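1. With the input below, show me the fold.
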Amino acid sequence: MIDSITEQFIQKITKSLRRGKQVHRRLPGGGLVYIDRPLPFLLLFRHPAGKPDHATADFVKSSASYIISQAEQTPELTKLIGSIAEEMAQKFDAFLILEIKAAADTEPETPLFRILGPKEQLPTTIATLQKELEQIKISGFHSSVKTSSNRELLQGPLRLFPEEELKKHSYLMLGLELKPIYVNQETGKVYPLLLRTLREKIANAIKKTVFDFLSVQTSHKPLHFQALGRQAVNRAVWKIDKQLTSISDQFRFLLLVTPVNNNEAWAEFKRTNYSQTPTFFYRLMPVDADQLKRKLYNIPIEKVDDPTLAYLFRDKRHELDKMLTMLADRNTPDFMYSSMQLFGAVDDDLLKIAEQLLAALP
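-> As a prediction, this is how the structure comes out:
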């Protein structure tokens with residue numbers, strides 16, 4: 001039995017939005033309400049009754065405004081979302097609700113994406129979403145997109161609002177159904193890299209769609225679709241940033257890859273008529289590269305919901321990993337190859353300049 005969403009809980013959320021504050025509240029039953037700041041849109045995911053789907057729920061976490069809940073909470077969700085929508089529609093003139101769910105059918109002919117919406121009312125918004133989804137390229141899958149009426153969102157036991165109420169209050173209800181290719185249908189295990197890639201691409205497609213809706217239908221006029229992302233940074237982000245910085249601060253990379261016998265090595269190289277590789281000496285390593293790598297990959301970057309920040313953290317982790325590999329490869333033939341992994345190879349233009357310098361200088 002899931003605890004109910006109380007009127008007091010709803011009033012606190014509405015009051016926070018009215019004051020322009022962030023909302024970050026746990027829902028009974030393990031759900032979550034996250035609204036970064038007052039915005040005229042909301043992403044929604046409801047776990048199917050008795051069958052939690054945390055993989056699909058991850059798709060809404062990239063948004064600056066979302067609710068994750070249980071299907072059994074639908075009657076109370078109607079009150080909660082209705083209160084949020086009413087407050088935001090008064091402020092911005094209209095409100096968009098986009099529900100994300102996984103398709104029940106996983107047959108080969110099932111489209112990768114199915115858009116549920118009143119195409120005749122908002123042709124450009126639906127067209128934007130369709131265009132952006134069609135541009136998503138996933139190896140081994142055809143990015144097929146089908147558009148259908150949102151009638152199924154407005155009928156049945158999972159209905160949030162009747163169509164008359166949506167029109168009366170200037171609410172728009174859209175749906176996005178995903179073919180769950182990111183989950184192994186036999187074992188139920190998630191394909192993490194595929195899920196991450198899809199999540200990042202779909203997040204951008206949704207931002208561009210919301211940007212189109214806001215630009216046409218509301219008084220909120222963001223300058224760019226990326227302005228619809230999160231502005232607040234949570235504690236997990238700061239913690240991970242400090243952990244990465246702590247590892248980076250434990251070694252001085254440039255000093256450790258710079259030989260301490262430059263002049264002697266050059267004299268030795270010259271003495272052999274430039275035919276033998278000189279012997280370089282380096283400063284002693286102040287850290288154990290393997291232990292630092294263990295700490296590096298124990299940092300839970302996957303807990304960062306914002307795809308842009310998660311990408312930056314992963315990129316920094318890869319950079320530190322390659323630095324440590326390069327330090328471990330000093331005075332070995334692998335040093336050159338690990339440096340190429342970190343800094344890239346010499347391109348044709350740079351090689352040409354170097355040859356010109358050698359030809360021009362005595």
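
2. contact partners of the worst-scoring helix or strand of the chain on mean pLDDT?
-> The weakest-scoring helix or strand in the chain, judged by mean pLDDT, DSSP states H and E, is helix 163-169 (a mean of 88). Contact with helix 163-169 is made by Ala85, Glu86, Ala89, Phe95, Leu154, Tyr171, Leu172, Met173, as judged by C-beta atoms under 8 Å, 6 or more residues apart in numbering. In short, each C-beta sits where N, CA and C put it, glycine included.

3. Please identify the buried residues of it?
-> For helix 163-169, burial by neighbour count (16 or more other C-beta atoms under 10 Å) applies to Leu166.

4. which element follows that helix toward the C-terminus?
-> With elements assigned by DSSP states H and E, the helix or strand that comes after helix 163-169 is strand 171-178.

5. in the stretch 201-350 of the chain, which spans are helices?
-> Secondary structure of the stretch 201-350 of the chain (DSSP state H, counting those that start in this stretch): helices located at 235-248, 253-257, 262-271, 289-297, 307-328, 334-343, 348-360.

6. Mind listing residues that contact the third one?
-> With C-beta under 8 Å, 6+ apart as the test, helix 262-271 has contacts from Pro259, Gln276, Thr277, Pro278, Thr279, Phe280.

7. can you rerun that using 10 Å?
-> Pro259, Asn261, Ser275, Gln276, Thr277, Pro278, Thr279, Phe280, Phe281 (C-beta atoms under 10 Å, 6 or more residues apart in numbering).

8. What about the first one, how many residues nearby?
-> In terms of burial, Pro259 registers 17 neighbours under the definition other C-beta atoms under 10 Å.

9. just checking, it touches Phe335?
-> No - counting by C-beta atoms under 10 Å, Pro259 stays clear of Phe335, with 11.2 Å between them.

10. Surely Lys208 is in contact with Ala127?
-> No - at 11.1 Å, Lys208 does not count as touching Ala127 under the criterion of C-beta under 10 Å.

11. who has more neighbours, the two?
-> Just comparing Lys208 and Ala127: by other C-beta under 10 Å the higher neighbour count belongs to Lys208, 18 against 15.

12. Fine by me, we can end here.
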